[in-house]
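**Student:** Everything below, folded, please.
(chains A and B)
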Amino acid sequence: MDQKNLEKATGLLAALLIGEPVEENGKNAGLYHAYRESGEVSDALELMLKKLNLRVYEYEYALYICPGEHNRVFGYSNEELKRLMGLRLNRELYLCYYLIYQAAACFYQDSATYNYTEYIKLEDLLSAVERSLAGVVSGLHRFASETPEEKSFTALAIMWDELPVVASEDTQGVRAGRGSRSGFVKLVLNFLVSQGLFTEAQERYYPTGRMHALIRRYFEEEKGRLYEIQMQMSKGGEDGAAY
Amino acid sequence: MDANYQMLHDIIDFHGDRMRNLRRYYPFFCLQNTAFHLFKEGKYAFLDIGYITLALLRFFIEENQFNDRPVGYAQVSSFLSDVLTRDFELVLPKEEEKELIDYIFDKIKNDGKPFVMEYFDPEKHARASVRMKLIDATLSGEGVLYSITADAIEFYLDTKEIRDESKINIQQVLLEKMIHTKNFKGGIDVIRRINSEVNRLRKQKKEVLALLGGNVFDGAKALEEFNQTGMRWFSEEQKLFLHNMELMERARSKAEEGMSGEGDREALREIYQLETELKRAMANHGELLADCMDLQVRADEMIHKYKYSRLRGAFDFRAFVAAAQEAQDISLLSSFVEPLLLPKLGKQFSLLQTDELLTTVSGEGETKEEVGEAKEEMYRFEDELEEERIRDNYAAIVKTLLDVLLTEKRISLSELNKRLMLKYFDVVFKNSDYYSFLVHICQKKEYDLCQVKKKQDTFFEGILAEILSSEKSGKYEHLRFRLIMKPEAEEIIHEIAGVERDRVFTTTELVFETMGTEDLQ
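**Tutor:** Model (predicted):
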């Protein structure tokens, strides 16, 4: 292999790992073009990423990486995520998972249908979550009052139902926190911005290229594996029907 | 045995249903109990929270259901303030009133949490719980908006009427009776209740649609329930409306025919009012019908779309989440979230960093930046600096010259050069200021230092004046001298260290000569 190409591939790897943008224009334009034009460079990069259990996706003339499934080095454990987001309990983390899913669902119903929503506001996400949980919340009284399992949807719905919409009537503007629904939504949106999935302008949240890339490419590519999980879940659901 | 079985069946199997119906009353009695005894040491214990709650619910029904207006904190606050002053004659300072109203409103909405009632479920032999909220909150662009829940509307209406499958029908029958008994005024109340019921159904329809948008299966279930409880009765309701309308018309014509006294006129007015109300109710009901048709169409569309999307190749997030929901394991959503995150870069402590121990110089503790009394500093520009240098150099040369002229009548430039060389060595000839000095001094033929002190014509004279003023003894002040250019230019060669001998410096020979007063022109 050409020494120069190897150098470019490692340069790409370094830039992607540090989190520098690798796009058609800008600082790393040379590296990006090398990736596009030289099969050797792209092969070498993909090989290295594969060994690190990372994935690279190209979208709208830019490259993005994300950790592969169960990546112990570059992925986050539940504990690490909780620390990162400033949460204490597992069920809070699960609620955040759900909010992240809902945030993505505001733009994509599945990996191929982008509904051309330009941006969302905090209120939009809040009402999307309320809507989606309405069924579970209204069915709550049908469940026995014994503590539901931490990771069940019932626990999630109870937690959501018991949170006030805002922490205090008099506070101007919503602040991220664990004390209210809007606080949680803000916390998650802040987190998504920090992860480069959204950009914020005047309290409007726009999805970034990285978000589109991952939703479209990752889930398209991984759908087989995820379907398997889904099938197992459905089976589990049937087994646990007595619950 | 059989009778016993029937009784047990009633006790056990229907207990859950009964408790779920009872739950509507639970918040009211909870509020009654907790009320004001703990607030401000029971200062406001005389207030009746039950009354305030019912009043507030009615206010919400008025605003949300009848006027279709959202309610914000300001409206609630002003309504409660009116209640306190009107019914309890409580006039408080603004701050205290706000505190009290906040307390009451927080209590009624239970700080945003649902009221949870626990009970024993005899079927499952376990404790079960039912939940109920009176006031719901949503966040919108204008701030937090409050609305009454469907449960709370039911509770409010239940306190005065019996609820059945179709409340609208019951009310209609009631209305019929009222028209027969000529109780038109009561009829108006009945129609208003019909209107509120229609509004409740419209609200329920919206909820069903929202559910369909979120989760098709839940939505489909809710739709079925709605069809059974709400829409099933539409045709009958419609018939009854027409029937009542007929009755109304008959009553009106009868009243118009036999109108004689003041009482009849009053009755006729009530009939008209009732008729308009009934027409409004029919229009509302018609809208509800249209809404429900629309609901059916949209629900079919949504279900169809959902079916179609399940067949496509793309990965369907909704199906994934629905499956996770069915499996009651929300942690599975991590498969969705994990790939979206940036790679985690763990930073570790490098042992090489200990080198900084040697290379970093740090004082003891942090040094404070000292901010002394700021003195305004004169900034000196480069040309000023240059001028100062020129002045110093000229002064040195001029003083040498003047000192000579104080003792001697005349001195030639070559002699002056020698003296300068003795004083400042050969560097003086390397200095460009020496040559510019010669140029400047030749600008005038004569110099009267006494005059120079008063008035300076040239830059050189300016420097001379400065020298004179700095010389405290005033020895140069009466000096007068002139410059005589020798017609024949003499070459004066100076030996300057580091300059080759073949290069020569030449100046025109000059003679500086002192003058008496008589020489002055």
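**Student:** which helices and strands sit right next to the helix or strand where residue A:130 lies?
**Tutor:** Under the criterion of DSSP states H and E, residue A:130 resides in helix A:122-138. Contact here means 3 or more Cβ pairs under 8 Å, 6 or more residues apart in numbering or on different chains; DSSP states H and E; on that basis helix A:122-138 packs against helix A:90-105, helix A:153-162, helix A:181-194, strand B:135-140, helix B:184-214, helix B:216-229. For the C-beta atoms, the positions are set from N, CA and C on the backbone; glycine is no exception.
**Student:** give me the residue from chain A nearest chain B.
**Tutor:** Chain B sits closest to residue A:164 of chain A, with a gap of 2.6 Å, by Cβ to the nearest Cβ.
**Student:** Look up the closest residue to that residue, ignoring the ones flanking it.
**Tutor:** What sits nearest to residue A:164 in space, not counting adjacent residues and going by Cβ to Cβ, 6 or more residues apart in numbering or on different chains, is residue B:112, at 2.6 Å.
**Student:** isn't that neighbour right up against residue A:167?
**Tutor:** No - applying Cβ atoms under 8 Å, one finds residue B:112 not in contact with residue A:167, separated by 9.4 Å.
**Student:** Show me whatever sits in contact with both of those two.
**Tutor:** Listed as contacting both residue B:112 and residue A:167 by Cβ atoms under 8 Å, 6 or more residues apart in numbering or on different chains are residue A:180.
**Student:** Run through the strands of the chain in chain order.
**Tutor:** With no chain named, the answer covers chain A. A:22-23, A:54-58, A:62-67, A:108-110, A:113-114, A:120-121, A:198-201, A:204-207 (DSSP state E).
**Student:** Sorry, I should have been clearer: chain B.
**Tutor:** Under DSSP E, chain B gives strands at B:71-72, B:115-121, B:126-132, B:135-140, B:143-148, B:410-412, B:446-448, B:480-485, B:510-514.
**Student:** would CSV of the ones you listed with mean pLDDT and mean neighbour count be doable?
**Tutor:** What follows is the strands of chain B, written out as CSV (pLDDT from 0 to 100; neighbours: other Cβ atoms under 10 Å in any protein chain shown):
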stretch, mean pLDDT, mean neighbour count
strand B:71-72, 90, 17
strand B:115-121, 88, 17
strand B:126-132, 86, 19
strand B:135-140, 85, 18
strand B:143-148, 86, 19
strand B:410-412, 86, 17
strand B:446-448, 87, 17
strand B:480-485, 86, 17
strand B:510-514, 86, 19
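**Student:** and these as JSON lines, adding distance to chain A?
**Tutor:** JSON lines is the format used below for the strands of chain B (distance: least, Cβ to the nearest Cβ, whole Å):
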{"stretch": "strand B:71-72", "distance to chain A": "10"}
{"stretch": "strand B:115-121", "distance to chain A": "6"}
{"stretch": "strand B:126-132", "distance to chain A": "4"}
{"stretch": "strand B:135-140", "distance to chain A": "4"}
{"stretch": "strand B:143-148", "distance to chain A": "6"}
{"stretch": "strand B:410-412", "distance to chain A": "74"}
{"stretch": "strand B:446-448", "distance to chain A": "70"}
{"stretch": "strand B:480-485", "distance to chain A": "71"}
{"stretch": "strand B:510-514", "distance to chain A": "69"}
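**Student:** Would you reformat those strands as CSV and include distance to residue A:120?
**Tutor:** Listed next are the strands of chain B as CSV, based on distance: least, Cβ to Cβ, whole Å:
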stretch, distance to residue A:120
strand B:71-72, 23
strand B:115-121, 32
strand B:126-132, 29
strand B:135-140, 13
strand B:143-148, 19
strand B:410-412, 96
strand B:446-448, 89
strand B:480-485, 92
strand B:510-514, 92
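**Student:** domain ranges for chain A?
**Tutor:** A:3-67, A:78-207 (automatic domain parsing).
**Student:** thinking residue A:103 is in contact with residue A:121, fair?
**Tutor:** No - the criterion here is Cβ under 8 Å, and residue A:103 misses it with residue A:121 at 11.4 Å.
**Student:** higher neighbour count, these two?
**Tutor:** residue A:103 (24 against 17; other Cβ atoms under 10 Å in any protein chain shown).
**Student:** so what sits against both of residue A:103 and residue A:121?
**Tutor:** Shared between the contact lists of residue A:103 and residue A:121 (criterion: Cβ under 8 Å, 6+ apart) are residues residue A:205.
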